[in-house]
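Asker: Got a predicted model here, sequence first, then my questions.
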Amino acid sequence: MAGPRLLEAFAAAYPRATFVEIGANDGEQHDFLRPLVRKGGWRGVVVEPVPYVFERLQRTYRDRPGVVLANVAVAAADGPMTFHHLKEASDWERQGLPRWYDGIGSFSREEVLMHRPHIPDIDDRIVSVEVPCVTFESLCARHGIDRLDLILIDTEGYDWEIIRRIDLATWKPRLLVYEHYHLDQADREACRAHLSEAGYQLLEEHFDTFCLDAHPDDALTGLWQGLEPAVPGVAAYEEAV
């Protein structure tokens, strides 16, 4: 896969990278960064709003002193907001549920309920709670982040709302990765255009989009120029057709 190859090359180029990961789940499921972060040397903030998932995230990174965990959601403003997720399932229940069950969480109740074809009783499982929210700028200020090499976002369709509020000209992360799968067509196209205008080159692979500042003439840019996605990018609205 092109994405993991790119991230391995990024880690080699930035052995002491500073990063922010928004929507980390437990640090295990569908997490590109875990093996790289656990090698040591990286400093960053890892965000997960769902309390019981956050507890597992704490176990994942308990021995990584450079990694700060934040049990918040990133939003357009500081303050509490209603967040929708699925209640914790027992080990026995999990046998009949998708493996990504507890990765579903959103400010949009409708976005969560869209998974009904895979979880028929989802209406009985959904939990709506107030969670503490911070803006991207507040998150970085709170944890002393003053520069960034990497941003990774996986927020069940809220990715564009976060990206559009990041001052990319100021932060200038070398690499930005986000999940486009849950974006509708208009937001997917708007996000791509926004990042291209900010000077990034983009590569879609499966559910995710990788965005690199390829201006530096270095080994990372050289690898990037030869990358091809192993599978094309796909979004939920395309699969529904």
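Answerer: All right, it came through fine.
Asker: Tell me how many other residues surround the closest residue to residue 208 other than its chain neighbours.
Answerer: With C-beta to C-beta, 6 or more residues apart in numbering as the criterion, residue 208 has its nearest non-adjacent residue at 5.4 Å, and that residue is residue 179. The way it works is simple: take the backbone N, C-alpha and C, and place the C-beta from them, glycine included. Neighbour count of residue 179, defined by other C-beta atoms under 10 Å: 21.
Asker: close enough to count as contact, residue 179 and residue 155?
Answerer: Yes: if you go by C-beta atoms under 8 Å, residue 179 and residue 155 touch, sitting 7.4 Å apart.
Asker: where in the protein is pLDDT low?
Answerer: Counting by pLDDT under 70, the chain shows low-confidence ranges at 240-241.
Asker: if I pick the closest residue in space to residue 161 that isn't next to it in sequence, what's in contact with it?
Answerer: Nearest residue to residue 161, sequence neighbours excluded (C-beta to C-beta, 6+ apart): residue 76, at 6.7 Å. Counting by C-beta atoms under 8 Å, 6 or more residues apart in numbering, residue 76 makes contact with 135, 161, 165.
Asker: could those be laid out in TSV, adding neighbour count, distance to residue 41 and secondary structure?
Answerer: Listed next are the contacts of residue 76 as TSV, based on neighbours: other C-beta atoms under 10 Å; distance: C-beta to C-beta, whole Å; DSSP: H, G, I helix; E, B strand; the rest coil:
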residue	neighbour count	distance to residue 41	secondary structure
135	17	28	coil
161	17	31	helix
165	14	29	coil
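Asker: out of the residues you listed, who's nearest residue 85?
Answerer: residue 161 (17.4 Å; C-beta to C-beta).
Asker: Distance-wise, check the closest one relative to residue 73.
Answerer: Residue 161 sits 11 Å away from residue 73, going by C-beta to C-beta, to the nearest Å.
Asker: Check which residues of stretch 113-121 are buried.
Answerer: Residues of stretch 113-121 classed as buried: 114-115, 119 (neighbour count, 16 or more other C-beta atoms under 10 Å).
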